[in-house]
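**Student:** Here's my sequence, what's the structure:
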Amino acid sequence: MFDAILHGRLTPPPSFDTELTMSDIEDLNKSVLTGEPDISKISYAVYPQIADNYVLLDSGSALGYGNGPLLVSRRKIYPDEVADATIAIPGDHTTARLLLRHAFGNKLRTREYLFCHIAEAVLDDEADAGVLIHEERFTYAGKGLRLVADLGSLWEQSTSLPIPLGAIVAHRRLGEETIRRAEEAIRRSVAYAMENPGDSYSFVRDNARELSDEVVRKHIDMFVNKFSLSLNDEGRDAVRRLLAEDGFADRDDIWLKNR
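**Tutor:** As a prediction, this is how the structure comes out:
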């Protein structure tokens, strides 16, 4: 999504400078709780806690159908046994954690891990089950793990809406004009990547945790889609529905007005 911005592929170029910092998604979630970054990727689930300081961008989201987190285990676990299991999660502020709660309720025993260590934790019996996100969801079967529940499918079945996973937010202190310029630059960068997929591939591969080209390509195809260009009404309806899971009251200032 950001390759074209970072590597000068946009014409005309964005009218601002960028400084890139890469972090685990839960670290990003915690950073916006302090209000430090100007613009950041976040899990949609953390947004109610930062809504007074940050606005959601219309571009740059990871949101769609069939791409939700997966609950997996080493041994067979039936849905009615999930409440008694110790579950490894990629962070308390992640959308994965919220979707787990949506599917199985609040009374769950969870333990936080870096997302890429969850499969190993389940295999080592540190946890009975784990919630997989990112590229880990493509490789678990080859490691001997089995699917307990597709949390994204359960969300879609109950809401008939796409799954809001990750968003880009901008701090309100930047001002509306700067935020609009950032939003449009990200939209143009996503569009460029979609039209010229080969140009960004080396940058993606250099930063991928999974070494398989096939998995990297599946990951891109699954999480970068039409909603990454613009949420539109369907995407915004899904976001409002997800935020309501945490009792977040609908408000008209979470996106920029007059799109």
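**Student:** where along this protein do the strands fall?
**Tutor:** Counting by DSSP state E, the chain has strands at residues 39-43, 54-56, 62-64, 70-73, 86-89, 109-112, 129-132, 146-150, 163-171.
**Student:** Lys226: which of those is closest?
**Tutor:** strand 62-64 (8.2 Å; CB to CB). In this view, the C-beta of every residue, glycine as well, is placed from N, C-alpha and C.
**Student:** Give the other helices and strands that that closest one contacts.
**Tutor:** Where contact means 3 or more CB pairs under 8 Å, 6 or more residues apart in numbering; DSSP states H and E, strand 62-64 is packed against strand 163-171, helix 213-223, helix 226-229, helix 232-244.
**Student:** Reformat the ones you listed as CSV; add distance to Pro69, mean neighbour count and mean pLDDT.
**Tutor:** Formatted as CSV, the helices and strands packed on strand 62-64 follow (distance: least, CB to CB, whole Å; neighbours: other CB atoms under 10 Å; pLDDT from 0 to 100):
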stretch, distance to Pro69, mean neighbour count, mean pLDDT
strand 163-171, 8, 25, 97
helix 213-223, 12, 15, 76
helix 226-229, 17, 21, 96
helix 232-244, 13, 18, 96
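**Student:** who wins for proximity to Glu81 among these?
**Tutor:** When the helices and strands packed on strand 62-64 are ranked by proximity to Glu81 (CB to CB), strand 163-171 comes first, at 24.3 Å.
**Student:** centre of the chain versus the closest one, how much separation?
**Tutor:** Taking CA atoms, centre = their mean, to the nearest Å, one finds strand 163-171 lying 7 Å from the centre of the chain it belongs to.
**Student:** tilt between it and helix 213-223?
**Tutor:** Between strand 163-171 and helix 213-223, the angle comes out at 80 degrees (axes from the mean of the first three to the mean of the last three CA atoms, to 10 degrees).
**Student:** Name the strands paired with strand 163-171 and say parallel or antiparallel.
**Tutor:** Strands adjacent to strand 163-171 in the sheet, as given by DSSP bridges, are strand 39-43 (antiparallel), strand 54-56 (antiparallel), strand 62-64 (antiparallel).
**Student:** Distance check, the closest residue to Val239 other than its chain neighbours against Ile42.
**Tutor:** What sits nearest to Val239 in space, not counting adjacent residues and going by CB to CB, 6 or more residues apart in numbering, is Pro164, at 4.7 Å. For Pro164, the distance to Ile42 equals 11 Å [CB to CB, to the nearest Å].
**Student:** re earlier: any idea which of the helices and strands packed on strand 62-64 gets closest to Lys30?
**Tutor:** Each of the helices and strands packed on strand 62-64 has some distance to Lys30 by CB to CB; the shortest is strand 163-171, at 13.6 Å.
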